[in-house]
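Novice: test case, fold it:
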Amino acid sequence: IFTPLRNPTKPGNLGWPEVNVNDAIQDSTFNIMLLEQLGLVNELISSTNGNLPMIRANYGSNILATLLGCQLHMMDRELNTLPGALPLAGGIPSIKKMMDKGMPRLDGGQCHNVFECVAHFRNMLADYPKLQQMVRIYHPDFQGVLDIAEVLMGSEIFLAFYDDPAFIRELLAFISEVYIAVVDKYFSLFPPANDDNFHYGWMHKGKIRISLDSCVNFSPDDYREFILPFDKKLINRYGGIIHSCGKIDHFIGILPEIGEGYYGFNLSQYKLNNMETVYASTIDRDILIYNLDPDAAALSAG
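Specialist: Residues are numbered from 1 along each chain as shown. Modelled structure (predicted):
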């Protein structure tokens with residue numbers, strides 16, 4: 001609703017090939033990933049969509065989970081969708097052993113592909129001044145601290161909140177330190193311009209976007225006690241916005257407690273939420289909503 005429409009630009013008969021996600025993920029040259037991402041830019045400028053053109057190293061939502069030892073799980077090719085990851089084999093004992101080893105190498109798991117891929121993007125765009133000027137490279141989907149913990153543990157995490165809360169705190173603290181180390185390395189190699197960040201076609205204040213998708217499964221009390229301190233740590237450090245899918249109106253009212261650096265929120269399924277609660281926790285507190293569905297605004301307007 002707040003995105004201006006553009007006049008479509010027909011780039012001619014480029015014959016852009018269909019790119020399968022599996023091919024892009026598994027290509028060690030990173031050319032297929034670049035082709036897939038620029039294909040999205042081609043679609044964008046050929047439409048009336050007013051979002052900003054941008055690309056990323058699109059390795060899915062389990063990049064940091066694979067860094068911590070989770071096995072990447074490629075989806076069936078015909079699904080043409082991003083990969084998942086399997087919980088760390090051996091459960092909590094294996095996770096404790098992993099944590100005892102300390103900070104992992106930051107080029108492990110899919111992180112290796114991320115750093116190499118973004119470097120390749122930059123090198124390739126350097127030969128095309130208009131692309132270099134207009135197409136932003138935005139940071140990969142590093143998710144959020146709890147999201148990574150849930151991938152590591154699988155459904156075992158829900159019992160652990162009750163059976164071993166001290167371990168949960170220790171795990172979330174460890175993941176947050178790994179998160180910071182990876183993001184610091186990423187920004188040291190690929191600094192954000194003017195301390196602004198780009199994501200999914202938007203531009204926003206701050207450097208990161210974190211996801212709280214797993215928080216839909218936890219009570220407000222659990223969120224405030226266990227998870228909020230680490231989300232606060234990340235947002236206070238880098239500044240940015242928060243995303244969450246699903247029903248979020250039970251914990252979104254807590255997020256303003258993050259304070260410094262919390263600039264905006266993005267939600268997906270507005271029909272699952274009481275939007276007046278969402279607005280009271282965001283725009284009424286000068287926290288922007290990004291990519292608001294026009295139907296959601298119309299519904300709230302009566």
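Novice: the closest residue to residue 293 other than its chain neighbours - how many residues pack around it?
Specialist: Distances taken as Cβ to Cβ, 6 or more residues apart in numbering put residue 270 closest to residue 293, at 5.4 Å, once the chain neighbours are dropped. Every residue, glycine included, has its C-beta placed from N, CA and C. Neighbour count for residue 270, taken as other Cβ atoms under 10 Å: 18.
Novice: wait, residue 270 sits on residue 297?
Specialist: No - Residue 270 is not in contact with residue 297 according to Cβ atoms under 8 Å; the separation is 9.1 Å.
Novice: got the contact list for the residue nearest to residue 293?
Specialist: By Cβ atoms under 8 Å, 6 or more residues apart in numbering, the residues touching residue 270 are 278, 292-293, 295-296, 299.
Novice: with pLDDT, distance to residue 222 and secondary structure as added columns, please give the residues you listed in a markdown table.
Specialist: A markdown table is the format used below for the contacts of residue 270 (pLDDT from 0 to 100; distance: Cβ to Cβ, whole Å; DSSP: H, G, I helix; E, B strand; the rest coil):
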| residue | pLDDT | distance to residue 222 | secondary structure |
| --- | --- | --- | --- |
| 278 | 94 | 20 | helix |
| 292 | 87 | 28 | coil |
| 293 | 82 | 28 | coil |
| 295 | 81 | 31 | helix |
| 296 | 80 | 27 | helix |
| 299 | 70 | 30 | helix |
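Novice: determine which two of the residues you listed are furthest apart.
Specialist: Farthest-apart pair in the contacts of residue 270 is 278 and 295; separation 13.9 Å (Cβ to Cβ).
Novice: I figured residue 290 hits residue 204, correct?
Specialist: Yes - using Cβ under 8 Å, residue 290 makes contact with residue 204 at a distance of 6.4 Å.
Novice: can you list the buried residues in the host helix or strand of residue 168?
Specialist: If you go by DSSP states H and E, residue 168 is part of helix 165-189. Across helix 165-189, burial judged by 16 or more other Cβ atoms under 10 Å covers 167-168, 171-172, 174-176, 178-179, 182-183, 186.
Novice: quick one: which of these is nearest to residue 37?
Specialist: Nearest to residue 37, judged by Cβ to Cβ, of the buried residues of helix 165-189 is residue 186 at 16.9 Å.
Novice: correct me, but the closest one touches residue 119?
Specialist: No - with contacts defined as Cβ under 8 Å, residue 186 does not count as touching residue 119, sitting 11.0 Å away.
Novice: low-confidence regions, the stretch 151-300 of the chain specifically.
Specialist: Across the stretch 151-300 of the chain, residues meeting the criterion (pLDDT under 70) sit at 194-196, 300.
Novice: that one: strands as residue ranges?
Specialist: In the stretch 151-300 of the chain, the strands defined using DSSP state E, counting those that start in this stretch lie at 196-199, 202-205, 208-211, 240-244, 262-267, 288-289.
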